[in-house]
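# Could you look at this predicted model? Sequence included:
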Amino acid sequence: MATTTNKQRLLNQLFSAYKADSEPREAEPLPVLEQFIYGICREGVSREMADHAFATLREGFFDWNEIRVSATRELEDVFEGMPHAEKRAQRVVSFLQEVFESTFSFDLEGLQKKGVKEAAKKLSRFEAATPFVVCWVVQHSLGGHAIPMDPAMLRTVKRLGLIDDNVDDPEAIQAALEHLIPKSKGPQFTEILSEITQDYCWEDSPNCSACLAASECPTAQSAPADAATTVRTSRVKPR
């Protein structure tokens with residue numbers, strides 16, 4: 001079990017090593033509805049892939065209503081190369097349909113007035129919601145402190161020793177990460193964690209020797225010296 005001091009030392013190393021490349025590059029804040037859809041695009045993939053898919057959605061269709069009434073198969077190409085492309089397309093359509101049925105519009109900005117906890121609770125009720133997407137919106141649009149965490153990212157934080165292996169309760173994991181990571185650094189930590197997960201901390205044969213966190217990561221320290229020599233492309237580049 002890593003001590004708080006060890007965890008903070010690891011975090012300091014991560015923020016220092018990834019400083020130049022991990023600053024969030026969002027040009028402008030997105031409305032809540034668009035941030036939710038971007039979260040669907042972002043879950044489980046790199047920022048570049050998510051940016052490409054989200055831009056394709058906005059540029060390839062006239063408006064959100066056209067997407068709402070589109071067949072799932074028409075959206076699948078948007079998510080080509082991503083895991084669960086069909087399911088992502090279904091989630092986008094179902095989300096827009098739920099929003100339209102409840103508001104007769106595509107505007108969720110009223111959630112800004114409800115407070116972070118109440119807004120997050122309402123977002124979590126959408127069929128397309130996942131803990132990752134809700135936390136993403138909280139972090140980027142609602143001004144709250146949350147760390148988006150998909151299953152692969154959770155595996156990474158456990159390998160890094162930031163969360164104990166035996167902790168599986170989502171609320172406990174969120175509370176622990178929020179305690180360790182200042183709110184002001186939450187978005188940057190998300191980008192760092194995503195980059196490590198996508199580029200090095202694969203489920204099978206993680207490339208520990210190339211990871212910038214290796215000197216402080218307990219999993220890397222316990223790995224055999226010749227481990228993770230497999231050459232692999234970690235990201236599928238968007239077309």
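Structure's in. What do you need? Predicted, not measured: the structure shown is a model, and the values here were computed from it. Numbering: from 1, shown residues only.
# where exactly do the strands run in the chain?
Counting by DSSP state E, the chain has no strands at all.
# Quick check: mean pLDDT of the longest helix anywhere in the chain?
Longest helix of the chain, by residue count under DSSP state H: helix 85-103. When pLDDT is averaged over helix 85-103, the result is 97.
# Could you list the residues in contact with that helix?
33, 36-37, 40-41, 57, 64-65, 67-68, 70, 72-73, 75-76, 78-79, 82, 105-106, 108, 126-129 (Cβ atoms under 8 Å, 6 or more residues apart in numbering). Where C-beta positions appear, they are placed from N, C-alpha and C, glycine not excepted.
# who are the neighbours in contact with residue 61?
67, 70.
# where do the helices sit along the chain?
Read by DSSP H, the chain holds these helices, from start to end of the chain: 4-17, 32-42, 47-60, 64-68, 72-76, 85-103, 116-124, 131-140, 151-160, 170-180, 186-199, 218-222.
# For the fourth one, buried residues please.
Read it as helix 64-68. Neighbour-count burial for helix 64-68 flags 64, 67, 68 (criterion: 16 or more other Cβ atoms under 10 Å).
# now the third one
Judged by neighbour count (16+ other Cβ under 10 Å), helix 47-60 contains these buried residues: 47, 49, 50, 51, 52, 53, 54, 56, 57.
# With the longest one instead?
Neighbour-count burial for helix 85-103 flags 85, 88, 89, 90, 91, 92, 93, 95, 96, 98, 99 (criterion: 16+ other Cβ under 10 Å).
# what's the spacing between the second one and residue 208?
Okay, so that is residue 88. Using Cβ to Cβ, to the nearest Å, we find residue 88 at a distance of 30 Å from residue 208.
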